[in-house]
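# coordinates for the following, if possible.
(2 chains)
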Amino acid sequence: MEDKVILLVEDNPDDVALTIRAFRKSDISNKIIVAKDGVEALDYLFGTGMHAGRDMKDMPVVILLDLKLPKMDGLEVLKSIRQNEFTRLLPVVILTSSVEEKDKINGYKLGANSYVRKPIDFNQFSEAMKLLGLYWLVWNEPPPLGK
Amino acid sequence: MPDKDASTYAWLVERRHFPLIVVVIFVLLSVTTFYICYRHYTINTERALKDDRSTANLVSLALAEHLKKIVSVMESYSNRPLLLKAVRDKNVEKARKHLVNLTKSNPDIDSLIITDRQGTLWAAYPDRPEVMEKSFAHRDWYKGVSKEWKSNISDVVQRAVAEKDLSIQIGVPFFDETGEVIGILLNTQRTLSFSNLIKQVLPDPGTAITVTDRKGQIVYSSQHDFEKEILLFPFYPSIRKATVANKKTVTVDAPDVEGGAQFMSFSPLVNVGWTVFVGRDKHSIILSESTYFIQVTAIALLLFLSSILFMVYLRKQVVAQQITEQLQTEKELRARDQRYKSYIDVTMQLGWTTDDKGEIVEDNPSWRKYTGRSYEEFKGFRWIEDIHPDDRDHTDKIWKKAVAEKSFYETEYRIRRYDGVYRDYLARGTPLLDENGSIREWVGTCIDITERKQAGEALKKSEEKFVKTFRSNPACVGLSRLRDGLIIEANEAMLRILGYSNDEFVGHTIPELGVWNDLADRERVVQTLLTEGRSINREYWLRTRTGELTLCSHSAEMIQIDNEPYIIFTFFDLTERKRAEEALINSEKKYRNIFENATEGIFQSTTEGRYISVNPAFARIGGYNSPDEMTDTVTDIQKEMYVHQDDRTRLLELLNKQDIITNFEAEIRRRDNAIIWISMNVRTIRDEGGKVIFLEGTIVDITERKRIEQALRESEEQFRNLFDNAVEGVFQSTPEGRLIRVNMAFSRMFGCESPEEAIKTVTDIGHQMYVNPDDRKRAIGIFRETGFIKNFESRMLRKDGSIFWASFNGRLTKTSDGTPCLEGFITDISDRKEAEEEIKKLNAELEQRVIERTVQLTAANRELEAFSYSVSHDLRAPLRSIDGFSQALLEEYQEKPLDETGKTYLERVRKATQRMGFLIDDMLKLSRVTQSEFKRESVVLSCMVRAIAETHQKYNPDRDVDVTVQDGIMVQGDPLLMQIALENLMDNAWKFTGKEAHPRIEFATTVRDGKTACFIRDNGAGFDMAYVGKLFGAFQRLHTVDEFPGTGIGLATVQRIIHRHGGQVWAEGEVGKGATFYFMVPS
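Take a look at the predicted model:
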């Protein structure tokens, strides 16, 4: 489990800190990769751009994707992920503060595996993160790495 | 006046007879008056007395009834057992009670007493203590009742009690069961009480009425004062006698009454024994009669006077008449005298009388007047001096002879007139003999026979003349005796024509000579002569001496010569004339036929206005039953027949100038006053002076024609109106291109003044009127194909070259003379076309606007969506931070003090709240951008930009930014909004050049697509053009907050502002090189 990587795509540093903290509180000490925008995220996933030359064997077991991202929109990132053979099967959990029904529908349409709304209350937030982490890191079996 | 009347009148008016008549009349009248008055008096008296009797009867009946009532009441009471018992027991109390009851129940009974059999009073009501136990046996009433023990009414007595007033006492005995008298009930009635009753009953309140009892004492009287003491009715005794004798009225002497006598009518009250008297003064009757007497007398007097007057008048009349008659007779005599004298004066001129010897012994005015000599000069025998000397001897001889013979004589002699001229006179005289037979006087006359003598001469001369005339008359004249035809005279011409000599003709008879072919003709002539006196122009066949027969026109006249009828006759040969006549008749027949049967009216009339002759056709036209009726009825053609009398005047004037007028039209009134139009051909007939005296001509009824003409004219008028005044253009044109006929509207449509101008100007419709001549060719084609055209729209040319749209309908047809033409209606539809265009344009505009609006709306909607999306998302983030880090703090620093980590937590919280603040502010700013009122002014952007740059520089002195601003950039916009926009852009530029070593910002203009656009360029971080679409979205950022702070609202604001100006924004950039933001604001 220790080598299971989580990719967190979030632009808000506070949210990043809080999320990491929540994970830590839940004794999830997996490696968390943070991408602060869509471009970075894709760069990581495809091994391009700023993450060029990275070991591609190291794929995250789950992508926590925020929707409100600068430059590329979260859904677009999802689309790109799903369009790429390499990353198509990767589980993506949309983690967003958006309450828009539309986002949820489009998210699922585009192939998101899960849609979680970030609660404002931190306790709830920590709980949510714990559960999330537990599920995806322990119980869920990640897909085989694509070619 | 008939003789009988005359004699009566005469007798009447004789003076001495007059008083006799007066007396007679007077006597008659008096007698009549007296009789009338007496009769009236007696009748009146009778009536009055009858009234009195009936009054008396009435009163007596009433009284009797009244008394009877009282008696019966008392009797009924007396029979009451209780009362009887009381009486028997002499129970005063009880008896009294009954008495009270009785009085109470009967108003007439007010005083009652009860006595015993003996007449001793023992009960009374009202109480009479003073007479209680007193005996009344001496009283009359007692005596009356006790006599036969029956109800009794007493006579008038004075009461013993109380007021001692006069009263009647009515007593009723009480009988017990056995029939014994046990008492007497007595009621006292005051006489006064009767008076009311009587007064009530009396029909005439003034009647002298008296009621007496048996003794003749007055019970009631209107004449006497009966209340005080008992009065005896004065007349009672005398009346008694009458009563006995059964007379109802009687005359009594009443010395104390005026007149001395009275009538008394009375009526006895049966069973009571009283009597009612009604008295009437004789005197009063007479007095009442007096008025009547006076009236009658007056009338009689008047009658008398008037008859007297009448007599006088009559007498006067008769006398006057007599006198008049006398005067009349005298006058007549005088007049006769005068007349005779005048006769003499007028006719005989001279009348004379002489004595038996022949001497003039009295003045002879006629002789005097004529001769001029005075009576002295010619009296005696000297009258002979006035006789012409030559005639004197003769006169004397004759005179003497007459005297001798005492005979009438007659002679002629000349008498000298006062002026010396001798005139012939015929003298005649006759002797007047006296009783003895000797001549008393001679009377005679001298008649002026000068004229006669002269006339005689003249006559002879005249006779000669006429004989000559007769003889030498070219026309034959003859005189024959009517009865046998004896020819008395015949002139030369007669003899010649008939071929006789004078001897052969005159002296023979007409029948003998056989002049008449048919002698019956002569008879006919004779008859005509006898009845009418003349036979004129009769045609007969006459025979000449040679036996030849000729048709002659014979005329004869009957004259009387010596009481014998004679015939003057003449004749002339007709043969020639007859032949000519026949020819004329035939000709006339022919013409008459035409006249009679022509269908046109033929007439002859005078200028004055009468018809000489008209034919049946004319009579028919004029509505008359026959030509005769028409010529008879119409007396003034101008007034009666012409509707407009001036027409005839005009006709006559025209005829004066020219002899023949044809087709003269006028309105004529028919007999039934209907009006028709006629057309005449008239010709004049003039007299020698050239003046028109007759008109003759033919006449036709053209009413129908006129009516049709009128109708046609009207119709044409209407259509002309329609044509001329139509709003649409109406036209007739040739296919070749000429206008045949157009209306005003058409002309105006094409810019011409009048239809005439239009027709003249246009020679080629296709090229002159159509913008595109091919259009006309097409139109003609349609015409030829279908024969008509509908709603053909084309652009037309006006005269001045201006263009307009027109639409026309028409058809292919022929004109009246057969040429093919197009005719139809044309309308100027320029307005309509314009309107169509307008509509199309508007629609397009509308479409455009709708599209724009939709775009805007869509954009706005999208923006709103994004906005609210962002809001919810971006606001939540800081909240999460706040809560999270606060929680963290709580969790981790419950026991330990704040360390660095803790501090960072707090820092983050603070930053989060601040961030929220910015977000809210920016959002508000953004919303305000659209809310604020939009002003459009000239805004100098260059200045603004410079100011903003300066501000930035001030607040960031350590940054050295190179700002280049182009001068004079000006737009039309809202200054505030532009300020915000520029601020945002400049902030961005400032921000994103933060990492540059040599930051450079430029504000200038450029031209894109022919339009001027402003831009702000920086050489900062720039952006990836791939994300250019997101740039202007609200809360969209291309960098993280750590990289570059910001809410992501700046550019959205700028976009909104520029869009509000109706402009556009766009951006160009390159990562790491810089970004340029363009905007364009339309002016």
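
# tell me the secondary structure of the closest residue to chain A within the stretch 351-500 of chain B, please.
At 157.0 Å from chain A, residue B:475 is the closest residue in the stretch 351-500 of chain B, using CB to the nearest CB. For the C-beta atoms, the positions are set from N, CA and C on the backbone; glycine is no exception. Classification of residue B:475 by DSSP: H, G, I helix; E, B strand; the rest coil places it in coil.

# now residue 34: which helix or strand?
I'll assume chain A. strand A:31-35 (DSSP states H and E).

# my bad, chain B
Per DSSP H and E: helix B:17-78 holds residue B:34.

# what is the mean pLDDT for that helix?
Throughout helix B:17-78, pLDDT has a mean value of 85.

# which residues sit against stretch B:413-433?
Stretch B:413-433 is contacted by residues B:350, B:352, B:356, B:369-373, B:386-388, B:390-392, B:394-395, B:402-403, B:406-412, B:439-450, B:452-453 when judged by CB atoms under 8 Å, 6 or more residues apart in numbering or on different chains.

# distance of the residue of chain B most remote from its centre relative to residue B:889?
No residue in chain B sits farther from the centre than residue B:896, which is 131.1 Å out by CA atoms, centre = their mean. Using CB to CB, to the nearest Å, residue B:896 is found at 11 Å from residue B:889.

# give me the buried positions along the strand holding residue A:34.
A:32, A:33, A:34, A:35 (16 or more other CB atoms under 10 Å in any protein chain shown).

# pretty sure the first one contacts residue A:10?
Read that as residue A:32. No - taking contacts as CB atoms under 8 Å, residue A:32 lies outside contact range of residue A:10: 10.3 Å.

# where do the contact lists of the two overlap?
Joint contacts of residue A:32 and residue A:10 (CB under 8 Å, 6+ apart) are residue A:19.

# what kind of secondary structure is the closest residue to residue B:886 other than its chain neighbours in?
Nearest non-adjacent residue to residue B:886, counting by CB to CB, 6 or more residues apart in numbering or on different chains: residue B:909, 5.9 Å away. With three-state DSSP as the basis, residue B:909 sits in helix.

# gap between residue B:909 and residue B:882?
5 Å.

# residue A:105: neighbour count?
11 (other CB atoms under 10 Å in any protein chain shown).

# quick check, it in a helix?
Yes - applying three-state DSSP, one finds residue A:105 inside a helix.

# quick one: contacts for it?
With CB under 8 Å, 6+ apart as the criterion, no residue contacts residue A:105.

# ok, now how distant is it from residue A:128?
Residue A:105 is 21 Å from residue A:128, where distance means CB to CB.

# repeat for residue B:889
20 Å.

# what do you get for residue A:109?
From residue A:109 to residue A:128 the distance is 23 Å (CB to CB).

# neighbour count winner among these two?
Under the criterion of other CB under 10 Å, the comparison of residue A:109 against residue A:128 puts residue A:128 first, with 18 against 11.

# just confirm the more buried one contacts residue A:119, I think it does.
Yes - with contacts counted by CB under 8 Å, residue A:128 reaches residue A:119, the gap being 6.4 Å.

# need the residues touching each of those two.
Joint contacts of residue A:128 and residue A:119 (CB under 8 Å, 6+ apart) do not exist.

# pLDDT score for the residue nearest to the spatial centre of chain B?
By CA atoms, centre = their mean, the mean C-alpha position of chain B lies nearest to residue B:673, the distance being 27.5 Å. At residue B:673, the model reports a pLDDT of 89.

# same question, residue B:566
Value for residue B:566, per-residue pLDDT: 90.

# quickly list what it is bridged to.
On the basis of DSSP bridges, residue B:566 is bridged to residue B:481, residue B:559.

# state the distance from it to chain A.
165 Å (CB to the nearest CB, to the nearest Å).

# number of nearby residues for residue 99?
Let's take chain A. Counted with other CB under 10 Å, the neighbours of residue A:99 add up to 12.

# wrong chain, I was asking about chain B
26.

# so who does residue B:599 touch?
Taking CB under 8 Å, 6+ apart as the definition, contacts of residue B:599 comprise residue B:617.

# who does the residue minimising distance to the centre of chain A bridge with?
Nearest to the mean C-alpha position of chain A, counting by CA atoms, centre = their mean, stands residue A:64 at 1.7 Å. Residue A:64 has these beta-bridge partners by DSSP bridges: residue A:8, residue A:93.

# can you tell me how far it is from residue A:136?
9 Å.

# anything in contact with each of the two?
A:6, A:93.

# which parts of chain A are helices?
A:13-25, A:38-46, A:74-83, A:101-109, A:122-133 (DSSP state H).

# now the second one against helix A:74-83, angle please.
Here helix A:38-46 runs at an angle of 20 degrees relative to helix A:74-83 (axes from the mean of the first three to the mean of the last three CA atoms, to 10 degrees).

# what's next to helix A:38-46, contact-wise?
Residues contacting helix A:38-46 (CB under 8 Å, 6+ apart): A:7, A:9, A:33, A:35, A:48-52, A:54, A:59, A:63, A:65, A:69, A:71-74, A:76-77, A:80-81, A:84, A:86-87, A:90.

# which among the residues you listed are in contact with chain B?
Counting by CB under 8 Å from any CB of the partner chain, A:71, A:72, A:73 from the contacts of helix A:38-46 sit close to chain B.

# ok, so of those, who is nearest chain B?
After measuring these against chain B - CB to the nearest CB - the closest member comes out as residue A:71, at 4.8 Å.

# surely that closest one and residue B:1025 touch.
No - taking CB under 8 Å as the definition, residue A:71 is not a contact partner of residue B:1025, at 11.6 Å.

# which of those two has more residues huddled nearby?
residue A:71 (22 against 14).

# follow-up on the earlier one: so of the contacts of stretch B:413-433, which ones are in helices?
Among the contacts of stretch B:413-433, the members falling in helices (DSSP H) are B:369-371, B:390-392, B:394-395, B:402-403, B:450, B:452-453.

# which among these gets closest to residue A:95?
residue B:452 (189.5 Å; CB to CB).

# hang on, the earlier thing: from the contacts of stretch B:413-433, keep the buried residues only.
B:350, B:352, B:356, B:370-371, B:373, B:386-388, B:391, B:395, B:402-403, B:409, B:411-412, B:439, B:441-442, B:444-450.

# what does chain A put close to chain B?
A:11-15, A:17-18, A:21, A:36-37, A:67-68, A:70-73, A:96-100, A:118-123, A:125-126.

# if you set the cut-off to 6 Å instead, what comes out?
With CB under 6 Å from any CB of the partner chain as the criterion, chain A meets chain B at residues A:11-12, A:14, A:18, A:36, A:68, A:70-71, A:97-100, A:120-122.
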